[in-house]
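Q: the following block contains a protein sequence and its predicted model.
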Amino acid sequence: MRGKIAFAVGVLTAAAVGLSGVTSSAAPGSAASPPTISKEYFGQAGGTAVYRYTLGNARGMRVRILSYGGIIQTLEVPDRHGHRANVVLGFPALADYVAKNSPAAGGGVYFGALVGRYANRIAKGTFTLDGRTYHLPVNNNGNSLHGGTSGFDQKVWGAEEVPAISGRGTAGLRLSLTSPDGDQGYPGTLRATVTYTLDNENRLSIDYRATTDKPTVVNLTNHTYWNLAGEGSGTVYDQRLQLDAGRYTPTDATQIPTGELAPVGGTPFDFRSPVPIGARIGDNDPQLLTGQGYDHNWVLDSGGGAVPTVAARATDPGSGRTLTVSTTEPGIQFYSGNFLTGTLVGTGGKIYRQSAGFALETQHFPDSPNHPEFPSTVLRPGQTYHSTTVYTLGTD
């Protein structure tokens, strides 16, 4: 490792902005003002009401989250000059998410969504646990991806506001979902809660918890796409990425890990020092051909733990915006938006083409149920699955 990623949070000023990213001169609240949360009706999915919650803080950061899929629809932060813009990809209306965000709807982009029960891929939709074999829906090159054909990204979650508490300086949204025994082929009734929390240091924390009444496997994450220059502004190729990982998991032709933990040194997968995302994406490397760019799991040097440690840092030279990702997970999937094909229109009215955004999905490794040498994703009755990821936005 060439040196741990430095954790830095910029001090920001802000201006009010809508979904289009157009700024005004409205001043933010006092730095002493606690974060806030508000709620509005956003439509219906399958006859169930969907609400949009807005978290905001005193430094101009604003996050909109849907009870449908737990989706981060927009996330607005200032640049180095105080101009605020939305820096995540998404759709303007609920109908777009229902019709286009999942493989079942012919999409599969998962903009901003919570994915589960099992994030990433399980080979051939099959795994064996305690001597019994389970079969999952296949929806990606003969494999099961992100929980199957009707995953957590397509569910309306229960939602409860977590208002600011005196002396704590945060506001949040707690989402809950019960996945019944046999849902998408997975054993056990899984009860999951995911809490989004915003503070005045521009940290958005996601805390995942789950319990089960039968042995099962679980791997939850968030699938936000980032473009630190602003949503719809073009490709992310010039944005620089650093990953605290000296190894990654190569895949076969269907993007299932081979089981090898390969060193990144001397390959296009070496992000131990900051590198523009597009610098080596065109290299003649078999793994880049398989994923049509980056779509791989990196093995974090921290190995996972009880306290979030820095896993990744991205910067945009033009705007000065920075994103630091800290997690308790042992892996992170870096996806460079390779399969955005110019067929989707985002929140700001712009078409999303290849590499219009990148994802950093904190996780256990893909296909872990079929790789006993990987960190285990088994959850048993009496245990609690617990994972935390923190996104910190700042400026250089």
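A: Arrived safely, thanks for sending.
Q: doesn't R313 belong to a strand?
A: Yes. Per DSSP: H, G, I helix; E, B strand; the rest coil, R313 lies within a strand segment.
Q: I'd guessed it sits against W226; true?
A: No. Under the criterion of C-beta atoms under 8 Å, R313 is not in contact with W226, lying 11.8 Å apart. All C-beta atoms are positioned from the backbone trio N, CA, C, and that covers glycine.
Q: overlap in contacts, these two.
A: Contact criterion C-beta atoms under 8 Å, 6 or more residues apart in numbering; residues shared by R313 and W226: L323.
Q: give me the pLDDT value at G337.
A: As predicted, G337 sits at a pLDDT of 96.
Q: got phi/psi on it?
A: Dihedral angles of G337 (phi, psi; degrees, to the nearest 10) stand at phi 70, psi 30.
Q: and stretch 254-273, end to end?
A: End-to-end distance for stretch 254-273: 29 Å, by C-alpha to C-alpha, to the nearest Å.
Q: show me what counts as buried in it.
A: Of the residues in stretch 254-273, Q255, I256, P257, L261, A262, V264, P268, F269, D270, F271, R272 count as buried by neighbour count, 16 or more other C-beta atoms under 10 Å.
Q: any chance of the residues you listed in JSON lines, plus secondary structure, distance to R117 and pLDDT?
A: As requested, those are exported to JSON lines (DSSP: H, G, I helix; E, B strand; the rest coil; distance: C-beta to C-beta, whole Å; pLDDT from 0 to 100):
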{"residue": "Q255", "secondary structure": "coil", "distance to R117": "19", "pLDDT": "96"}
{"residue": "I256", "secondary structure": "coil", "distance to R117": "18", "pLDDT": "97"}
{"residue": "P257", "secondary structure": "strand", "distance to R117": "19", "pLDDT": "98"}
{"residue": "L261", "secondary structure": "coil", "distance to R117": "25", "pLDDT": "98"}
{"residue": "A262", "secondary structure": "strand", "distance to R117": "28", "pLDDT": "98"}
{"residue": "V264", "secondary structure": "coil", "distance to R117": "29", "pLDDT": "98"}
{"residue": "P268", "secondary structure": "coil", "distance to R117": "32", "pLDDT": "98"}
{"residue": "F269", "secondary structure": "coil", "distance to R117": "28", "pLDDT": "98"}
{"residue": "D270", "secondary structure": "coil", "distance to R117": "32", "pLDDT": "98"}
{"residue": "F271", "secondary structure": "coil", "distance to R117": "29", "pLDDT": "98"}
{"residue": "R272", "secondary structure": "coil", "distance to R117": "32", "pLDDT": "98"}
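Q: would you point out the most distant pair within these?
A: The two members of these with the most space between them (C-beta to C-beta) are I256 and R272, at 25.3 Å.
Q: returning to what we had before: just curious, which of the buried residues of stretch 254-273 is nearest to G382?
A: Nearest member of those to G382, counting by C-beta to C-beta, is P257, at 29.5 Å.
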